[in-house]
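1. Please find the sequence and the predicted model below.
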Amino acid sequence: GDSVIVLPARLDGMIETTLVPRAPEIDRTAEFPVDITRAAAAIGVQRLLLSEDGTLEVARTPLVVETSERIAMHSMASAVTIANGRLTTYLLLKYAPQHLVERWVEPTLRAEAFGAFGITEAHAGSDVRAIATVARRDGGDLVLTGEKRWVGYAPNGQYAIVLAKLDDDARDAQTVAVVVDTASAGVTQEHGPAF
């Protein structure tokens with residue numbers, strides 16, 4: 001089932017039969033490895049940080065690290081994409097309201113949805129306090145104003161975790177993380193230049 005912890009033999013089998021044959025093509029084409037991520041999800045890789053009841057089990061972090069290293073030995077792109085799914089589900093389970101957990105966690109664990117991270121702006125890279133994107137309250141909603149750059153997983157994300165200042169763009173304003181459905185009005189997802 002979906003909640004089974006990955007056994008080394010299952011992981012080795014997925015790596016040998018699915019990942020190894022595809023890794024050169026993924027590297028050559030810079031393809032987003034949806035098929036590999038779904039194969040990993042099918043054997044439980046995305047659920048490594050969850051207990052049987054679906055709660056976070058961070059004591060399993062060493063298993064996550066070992067699994068990531070074994071996948072990365074053959075395809076760094078696949079390892080990072082798989083790790084992104086675990087990171088976004090971790091953040092949602094730890095910090096998001098229940099309606100967002102219900103909407104995004106299971107599809108992400110099955111590799112049917114991917115989360116993006118909107119942190120960096122044109123003039124705010126590693127200095128996160130310099131971001132100017134603002135989230136203003138509008139009834140029960142938050143309306144975002146601003147532009148993000150170099151958004152990890154932007155072209156492929158069905159949702160994005162976006163950092164913004166709450167109500168004011170002052171350097172010391174409260175910073176919040178907002179989960180945005182990328183199908184929302186005003187959201188654009190573009191590929192940037194390749195390096």
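-> Received, thanks.

2. Wait, a strand at K165?
-> Yes - counting by DSSP: H, G, I helix; E, B strand; the rest coil, one finds K165 located in a strand.

3. Look up the pLDDT of it for me, please.
-> Note on K165: pLDDT of 96.

4. From P97, how far out is the spatially closest residue to it that is not a sequence neighbour?
-> Spatial nearest neighbour of K165, excluding adjacent residues (Cβ to Cβ, 6 or more residues apart in numbering): A173 at 4.1 Å. Every residue, glycine included, has its C-beta placed from N, CA and C. As for A173, its distance to P97 is 22 Å (criterion: Cβ to Cβ, to the nearest Å).

5. quick one, which of the two is more surrounded?
-> Using other Cβ atoms under 10 Å as the criterion, A173 and P97 rank with A173 on top: 16 against 9.

6. hmm, who's touching the host helix or strand of E25?
-> Using DSSP states H and E, E25 falls within helix 20-29. Helix 20-29 has contacts (Cβ atoms under 8 Å, 6 or more residues apart in numbering) with 31, 33, 35-36, 74-75, 77-78.

7. could these be laid out in CSV, adding secondary structure, neighbour count and distance to R149?
-> Compiled in CSV, the contacts of helix 20-29 are given as follows (DSSP: H, G, I helix; E, B strand; the rest coil; neighbours: other Cβ atoms under 10 Å; distance: Cβ to Cβ, whole Å):
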residue, secondary structure, neighbour count, distance to R149
E31, coil, 13, 23
P33, coil, 22, 24
D35, helix, 15, 29
I36, helix, 26, 27
H74, coil, 17, 31
S75, coil, 22, 26
A77, helix, 17, 21
S78, helix, 26, 25
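
8. Check the offset of stretch 26-38 from the chain's centre.
-> 15 Å (Cα atoms, centre = their mean, to the nearest Å).

9. Rounded mean pLDDT for it, please.
-> For stretch 26-38, the per-residue pLDDT averages 94.

10. Quick one: end-to-end length of it, please.
-> Start-to-end span of stretch 26-38 (Cα to Cα, to the nearest Å) is 15 Å.

11. picking up where we left off before, can you mark which positions in the helix holding E25 are buried?
-> Neighbour counts over helix 20-29 (16 or more other Cβ atoms under 10 Å) mark 22-23, 26 as buried.

12. if we can go back for a sec, of the contacts of helix 20-29, which is the nearest to I119?
-> A77 (20.4 Å; Cβ to Cβ).

13. ok, the closest residue to the closest one other than its chain neighbours to L19 distance?
-> Closest residue in space to A77, ignoring its immediate chain neighbours: I26 at 5.3 Å, by Cβ to Cβ, 6+ apart. I26 sits at a distance of 9 Å from L19 (criterion: Cβ to Cβ).
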